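[1] I'd like to go over a predicted model; first the sequence, then the structure.
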Amino acid sequence: MLRTLLMFLSAFVLSSPALAGKAPSYTYTRVGNSADVAPATTSGTVLMGGGTDVDQAFQWLCSLGGNGDFLIIRATGTDAYNPYVQALCPNTNSVATLIIPDAASANLAPVATIISHAEVIWIAGGDQSNYINFWKGTAVQSALNARIAQGVPVGGTSAGLNVLTQFVYTAQGSQGATSSQALADPFNRYMTFDRDFATISTLQGVIGDPHFAVRDRMGRDVAFLCRVAANGWSTAPRGIAVDEMTALLVAGNGGASAVGTGHVYFLQAPGLPQVCAAKQPLTYRGIGVTRIAAGDSFNLGTWTAVGGTVYSVTAEAGVLSSTQPGGSAY
């Protein structure tokens, strides 16, 4: 009933010429049943690597959400996810998109109320600096973490993936950091970080990265681990990197599996970096890598895989090498 009233009020304000100047800055669009439901949910997390979405990951989230209300949140964009998710999950009660474009709207009570009624929360791709700049420290962040604590499954793709791990590459520079830039100087102006946007127990101590192999991000991810260590956040940093058209499904107990056409990479530093300083090329030796694909599994609690390929990468004076035959980092 509350959600129905909110929808009516929003529609009225947006359609009334007299009140058009007072329209809320957020946008909420819903398809399916307008009445709220509250089925039991099961914890779980999807980390999707961007590019073409992976159908199986959304279906998995819908099942964990008890076919309740599926909510997409984003800072920019459209409600294009609504018909896509509804077609994949025809038994779900509703699918809605909530666009929250600034900090003012992120602190509005109706926005937090919408999030607090969702049984699945999906963070769309875009620009993760918007999520940190607009949402961190607001009612949106509080409502999101409250639902996670209540056992609601969550997921995100691309920028949405970035903000789900405990440590976050925030992309608050004028452009995204490249591997060559990060290896040459892990403190260059494009290397910006934050932490603790989302509180997901299975992703503590981890930094994430999407679009991995296609954008040649291994070098920058090794530099991410250097920065996590330099910040004093971890003495043996870990990373999870996901290819495009690929997703990692993480159950509440830390068991994880890959779906899609690419790979998921799990990085483990053996300790602190040898050289991690401003204006100096990075030296970080012996970063353990486990690469899995569809059909393989990984336990985040023990940091071990069933299936997959294990090797290591090293950054030596800014040059990346690998123990794989042929020297490929991927």
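    That came in fine, so what should we check first?
[2] immediately after the helix or strand harbouring residue 96, which helix or strand?
    For residue 96, the enclosing helix or strand under DSSP states H and E is strand 94-99. The C-terminal neighbour of strand 94-99 among helices and strands, as given by DSSP H and E, is helix 103-106.
[3] alpha carbons only: can I get the strand holding residue 96 in PDB?
    Listed next in PDB are the C-alpha coordinates belonging to strand 94-99 (Å, rounded to 0.1, in the frame of the first residue of the first chain):
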ATOM      1  CA  SER A  94       7.600  -6.700  -9.800                       C
ATOM      2  CA  VAL A  95      10.700  -5.200 -11.400                       C
ATOM      3  CA  ALA A  96      11.500  -1.600 -10.900                       C
ATOM      4  CA  THR A  97      14.300   0.900 -11.700                       C
ATOM      5  CA  LEU A  98      15.200   3.700  -9.200                       C
ATOM      6  CA  ILE A  99      17.400   6.400 -10.700                       C
END
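[4] okay, and for the stretch 1-150 of the chain, where does confidence drop off?
    Counting by pLDDT under 70, the stretch 1-150 of the chain shows low-confidence ranges at 1-24.
[5] what are the boundaries of the helices in the stretch 1-150 of the chain?
    Residue ranges of the helices in the stretch 1-150 of the chain, as given by DSSP state H, counting those that start in this stretch, are 2-15, 55-64, 81-88, 103-106, 109-116, 128-130, 139-149.
[6] can you lay out those helices as JSON lines showing mean neighbour count and distance to residue 207?
    For glycine as for every other residue, the C-beta is placed from the backbone atoms N, C-alpha and C. Below are those laid out as JSON lines (neighbours: other C-beta atoms under 10 Å; distance: least, C-beta to C-beta, whole Å):
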{"stretch": "helix 2-15", "mean neighbour count": "13", "distance to residue 207": "35"}
{"stretch": "helix 55-64", "mean neighbour count": "20", "distance to residue 207": "21"}
{"stretch": "helix 81-88", "mean neighbour count": "17", "distance to residue 207": "26"}
{"stretch": "helix 103-106", "mean neighbour count": "19", "distance to residue 207": "24"}
{"stretch": "helix 109-116", "mean neighbour count": "19", "distance to residue 207": "25"}
{"stretch": "helix 128-130", "mean neighbour count": "22", "distance to residue 207": "12"}
{"stretch": "helix 139-149", "mean neighbour count": "19", "distance to residue 207": "18"}
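[7] residue 176: which of the ones you listed is closest?
    Residue 176 sits nearest to helix 128-130 of all the helices of the stretch 1-150 of the chain, at 9.9 Å, using C-beta to C-beta.
[8] other SSEs contacting that closest one?
    Applying 3 or more C-beta pairs under 8 Å, 6 or more residues apart in numbering; DSSP states H and E, we find helix 128-130 packed against helix 159-162.
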